[in-house]
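In: How does the following fold in three dimensions:
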Amino acid sequence: MTPAPISAQITDYAHRADPYPLYAELRETPVRREDDGTYLVSTYYEVRGLANDPRLSNDTRNRPPGYARVGQPAEETGLPPSFIFTDPPLHDRLRDTINRPFGPPHSPRFLDGLRGDLAGAVTELLDAFEGKDQVDIVEDFSYPLPVTAICRVLGIPREDEPRFHGWADVLASSLDPHSGDDGREKAQRARDEMGAYLTDLIESKRRHPGPGMLSALAPDMTPKDLEATAVLLLVAGHETTVNAITNTTLTLLRHPDTLQRFQRNPDLAVPLIEEVLRYEPPVQFVPWITALADIDVAGTTIPKGSPVWLMLAAANRDPGRFKDPDRFDPDREDNQHLGFYTGIHYCFGAPLARMELHAAVPELFRRVKDFGLLEDPPPYRANAVLRGPRHLPVAIGGLTA
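Out: Residues are numbered from 1 along each chain as shown. Purely as a prediction, here's the structure:
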């Protein structure tokens with residue numbers, strides 16, 4: 001039997017728990033052409049170079065026929081493309097506008113002002129562990145926390161936060177290149193429901209401004225542009241952070257010596273979290289890119305019009321860039337990983353994600369006693385792009401104050 005194309009193997013759920021052997025095979029051919037004309041780029045310097053190459057387009061309108069489903073293009077959603085699916089100069093204008101209420105230089109205190117809310121949310125979630133001998137890190141901790149964060153960022157009323165859980169899950173799953181018709185239909189329903197909600201909320205924010213980005217951006221963006229931005233921030237700001245927190249927890253539980261060292265020295269949090277972002281990145285690859293011209297890379301020509309996948313997780317374990325890359329090493333020096341991508345499409349929410357990780361992970365391992373993995377590997381989400389456990393059941397031995 002002829003083996004399946006490696007792209008199909010990577011997106012096959014059978015390899016979700018451990019795709020890294022496939023990535024190692026992929027790196028043997030740094031630029032690999034699949035039978036359908038897709039080019040997979042998997043080595044560090046080639047991925048980094050192409051991510052900064054203006055001859056590659058994120059604009060969904062440049063995708064060849066048959067690839068429009070990846071990333072939910074504008075014509076399927078009724079919305080203009082969010083800035084992640086645009087190129088300069090539109091990308092730069094949108095991103096600059098959206099950044100003004102989010103961070104420096106225009107709003108240097110915005111994220112810092114969320115620290116209290118995040119700390120309170122972490123405390124509340126961990127307090128709920130009291131009296132339990134088993135919890136699901138995903139359902140009970142890492143999944144609800146980013147919903148709280150992104151809703152605070154947007155200015156969503158607290159009583160409406162539970163509605164965003166289901167929308168975030170469905171929309172993130174739709175990014176899988178092989179999500180199928182059923183996945184796309186579910187995503188469309190979720191977008192319709194969320195769109196109707198946001199339309200009403202944005203209009204309310206225009207009349208009665210309050211805290212959050214929706215109010216701040218309402219005077220500068222059309223309702224549809226603002227709605228598209230909110231949908232993007234929900235998916236990118238939620239699902240990726242869920243995976244990052246869960247992947248960090250799982251990695252530490254698999255490395256008890258490092259965990260004990262971390263518990264003795266919480267200052268290890270910064271290099272430890274950065275190493276997890278390299279070792280188990282929440283975004284595994286970027287599959288919605290198109291070549292705008294012929295591009296020569298590592299001895300291969302990617303023809304104009306070709307779809308391109310940039311394999312971030314494979315690049316993060318490239319032995320040509322990282323020494324002993326399959327080893328988890330918080331002491332790793334010069335750790336310029338691609339966990340948050342690079343170039344003009346570097347993760348907009350990276351500062352918020354890092355803040356959430358630093359609020360959640362040290363406190364989780366400070367307060368919970370005697371962790372024990374109950375299932376390894378745990379069940380993973382279907383999504384191959386935004387990869388992380390669907391559940392992470394653990395035994396616990398109590399809770400400290």
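In: what residue ranges in the stretch 51-200 of the chain score low on pLDDT?
Out: Within the stretch 51-200 of the chain, the stretches with pLDDT under 70 are 66-78, 172-180.
In: Strands of that one, residue ranges please.
Out: 56-57, 134-136 (DSSP state E, counting those that start in this stretch).
In: Out of these, which is closest to residue 257?
Out: Comparing the strands of the stretch 51-200 of the chain against residue 257 with C-beta to C-beta, the closest turns out to be strand 134-136 (23.4 Å). C-beta here means a position set from N, CA and C on the backbone, and glycine is covered the same way.
In: other SSEs contacting that closest one?
Out: strand 393-395 (3 or more C-beta pairs under 8 Å, 6 or more residues apart in numbering; DSSP states H and E).
In: What is the distance between the strand it packs on and the centre of its chain?
Out: Centre-to-centre, strand 393-395 and its host chain are 24 Å apart (C-alpha atoms, centre = their mean, to the nearest Å).
In: buried residues in that strand?
Out: Across strand 393-395, burial judged by 16 or more other C-beta atoms under 10 Å covers 393, 394.
In: what mean pLDDT does it have?
Out: The average pLDDT within strand 393-395 is 98.
In: what packs against that strand?
Out: Applying 3+ C-beta pairs under 8 Å, 6+ apart, one finds that strand 393-395 makes contact with strand 134-136, strand 372-373.
In: which of the strands of the stretch 51-200 of the chain sits most buried?
Out: strand 56-57 (a mean of 22; mean count of other C-beta atoms under 10 Å).
In: That one pairs with which strands, parallel or anti?
Out: strand 286-291 (antiparallel) (DSSP bridges).
In: Kindly export stretch 216-233 (C-alpha atoms) in CSV.
Out: Extracted as CSV, the C-alpha positions of stretch 216-233 are listed here (Å, rounded to 0.1, in the frame of the first residue of the first chain):
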residue,chain,number,x,y,z
ALA,A,216,-12.0,51.9,22.0
LEU,A,217,-12.0,50.7,18.4
ALA,A,218,-15.7,51.5,17.6
PRO,A,219,-15.0,55.0,16.4
ASP,A,220,-12.1,53.9,14.1
MET,A,221,-13.4,50.7,12.5
THR,A,222,-16.5,49.7,10.6
PRO,A,223,-18.8,47.3,12.5
LYS,A,224,-17.8,44.4,10.1
ASP,A,225,-14.1,45.0,10.5
LEU,A,226,-14.5,45.2,14.2
GLU,A,227,-16.5,42.0,14.2
ALA,A,228,-13.9,40.2,12.2
THR,A,229,-11.2,41.4,14.6
ALA,A,230,-13.2,40.1,17.6
VAL,A,231,-13.7,36.7,16.0
LEU,A,232,-9.9,36.5,15.3
LEU,A,233,-9.0,37.5,18.8
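In: Touching it from outside, list them.
Out: With contacts defined as C-beta atoms under 8 Å, 6 or more residues apart in numbering, stretch 216-233 is touched by 74, 77, 79-84, 94, 97-98, 100-101, 107, 150, 153-154, 171, 191, 194-195, 198-199, 202-203, 205-206, 209, 213-214, 348-349.
In: Pull out the buried residues from the residues you listed.
Out: Among the contacts of stretch 216-233, the ones that count as buried by 16+ other C-beta under 10 Å are 74, 77, 79-84, 94, 97-98, 100-101, 107, 150, 153-154, 171, 191, 194-195, 198, 202, 205, 213-214, 348-349.
In: okay, the strands of the stretch 51-200 of the chain in CSV with distance to residue 317 next?
Out: Below are the strands of the stretch 51-200 of the chain laid out as CSV (distance: least, C-beta to C-beta, whole Å):
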stretch, distance to residue 317
strand 56-57, 22
strand 134-136, 28
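In: And the ones you listed: which comes nearest residue 236?
Out: Evaluated with C-beta to C-beta, the strands of the stretch 51-200 of the chain place strand 56-57 nearest to residue 236, the distance being 18.9 Å.
In: Once you drop chain neighbours, what's closest to residue 337?
Out: The spatial neighbour of residue 337 that comes closest, neighbours along the chain excluded (C-beta to C-beta, 6 or more residues apart in numbering), is residue 278 at 3.4 Å.
In: Alright, that wraps it up for me.
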